[in-house]
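1. Show me the folded form of this:
(one chain, ligands or ions: 2)
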Amino acid sequence: MESFALPRDPLTGRPSLRQAEGSGSGRLIGNPRARELCPFCDSQIEQQVDRIAAAAGLDHWMAASVRNKWPVLTEDQGRHEVLLPCLRHAERLWDLTDGEVARFLAFWHRRLEACAAGERDLFPLMIMNQGEMAGCSQPHLHSQLIGLPAEPDSWGPRRKRVRARDCVICRGDGTTSPIITRQGEFTVWAPYHCRTGLIRIAPESHTSALSAEQLRELGPLVRRVARASTTVMGTLDCSLMLFAWFRLDRAAAHWHLELVPRKTAIATVELSTGFSISSIDASAYAAAVSRALTRG
Ligand SMILES: [Zn+2]
Ligand SMILES: [Zn+2]
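-> Numbers count the residues shown, from 1 in each chain. Ligands and ions are numbered 1, 2, ... in the order given. The predicted model follows:
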């Protein structure tokens, strides 16, 4: 797929996004007055942001999607939304209730579908960062939906490996790698040979049609696994990434989530080679996270 709007590094060929001027000036993470100044809290947000969509609440909106004030790409390149799970000041996934996480993930689905179905041919990326090591500038828990103008280079090979006929997940990455837990139709495992602490979560059967119902069921599981794995790794920070193909090969690719506790920045060896570095044994790590989950 051609990156029609993205400039590329002439040496590496990697595409780059252009962030808006002033990015970083609203940084609140680490600021002792973050809670008081938070632009995402109830009293502030109605005036400060351009709300795109809201999930239905009882007498109030419960989750919202708003335009990112400092998007990572220009308007002509794509779109960048911030998704808020709640309007009270929550900073960690486990500060939300099971119901809030479930409702929020279902809301992810609505926004992903809306992005993929839009007039422009955008490729939706859904991520959630928690804490400074994950690159957050705002401590209030939020996700980001980025509508990219082209499929990222790294997604093509990944997508091919989770296609129906010869799917790596079905073939055993979720069974031969150390399993942390199985719950309902989902398997949670710590794959071998990946970045320190990485965990994958996927439906056991080859499912490409990611549904709102699945995400709702997945919410409480993600919340528990995030807490257990960050506890084991000795950090509060983590990144959550959804790999689902709403535009390409949707009928074939096995969707999955990746969760990475973030304790260190990306090492220069990783940056310069693209190789992963793991400082822990996946089997021992999976066993420790499994025990932490049992303890609750
Ligand atoms: Zn807040
Ligand atoms: Zn599969």
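2. Which of the three states applies to the residue in the stretch 151-296 of the chain that ligand 1 sits nearest to?
-> Proximity of the stretch 151-296 of the chain to ligand 1 (CB to the ion) peaks at Leu236, 16.3 Å away. C-beta here means a position set from N, CA and C on the backbone, and glycine is covered the same way. On the three-state scheme (DSSP: H, G, I helix; E, B strand; the rest coil), Leu236 is labelled coil.
3. Got phi/psi on Phe243?
-> Phe243 adopts backbone torsions of phi -110, psi 100, taken as degrees, to the nearest 10.
4. same thing with Ser229?
-> Dihedral pair for Ser229: phi -70, psi -40, per degrees, to the nearest 10.
5. Report the separation between it and Ser177.
-> 15 Å (CB to CB, to the nearest Å).
6. The residue in the stretch 101-250 of the chain that ligand 1 sits nearest to: how many residues sit nearby?
-> Taking CB to the ion, ligand 1 has its nearest neighbour within the stretch 101-250 of the chain at His140, 3.4 Å off. His140 has 24 neighbouring residues, counting by other CB atoms under 10 Å.
7. go on, the one 4 residues further on?
-> For Gln144, the number of neighbouring residues by other CB under 10 Å comes to 17.
8. Just list whatever residues bridge to it.
-> Val82, Ile127 (DSSP bridges).
9. Check Leu257 too.
-> Counting by DSSP bridges, Leu257 is bridged to Ile201, Leu242.
10. returning to that earlier point: per-residue confidence at the residue of the stretch 101-250 of the chain closest to ligand 1?
-> Looking at His140, its pLDDT reads 92.
11. Grab the nearest non-local neighbour of it.
-> Distances taken as CB to CB, 6 or more residues apart in numbering place Phe40 nearest to His140, at 4.0 Å, with adjacent residues excluded.
12. Equivalent analysis for Pro178, please.
-> Nearest residue to Pro178, sequence neighbours excluded (CB to CB, 6+ apart): Ala286, at 3.4 Å.
13. and that neighbour, what helix or strand is that in?
-> When elements are assigned from DSSP states H and E, Ala286 belongs to helix 282-295.
14. Quick one: mean pLDDT for that helix?
-> Helix 282-295 comes out at a mean pLDDT of 95.
15. In that helix, which residues are buried?
-> 282, 285-290, 292-293 (16 or more other CB atoms under 10 Å).
16. Point out the other helices and strands that that helix packs with.
-> Helices and strands touching helix 282-295, by 3 or more CB pairs under 8 Å, 6 or more residues apart in numbering; DSSP states H and E, are strand 179-183, helix 212-233.
17. and the first one with helix 282-295, angle?
-> Inter-element angle recorded for strand 179-183 and helix 282-295: 40 degrees (by axes from the mean of the first three to the mean of the last three CA atoms, to 10 degrees).
18. Can you name every helix or strand that the next helix or strand after strand 179-183 contacts?
-> Using DSSP H and E, the helix or strand that follows strand 179-183 in sequence is strand 186-189. Contact partners of strand 186-189 among helices and strands, from 3+ CB pairs under 8 Å, 6+ apart: helix 174-176, strand 179-183, strand 199-203, helix 212-233.
19. So for ligand 2, which of those sits nearest?
-> Checking the helices and strands packed on strand 186-189 against ligand 2 by CB to the ion gives strand 199-203 as the closest, at 7.7 Å.
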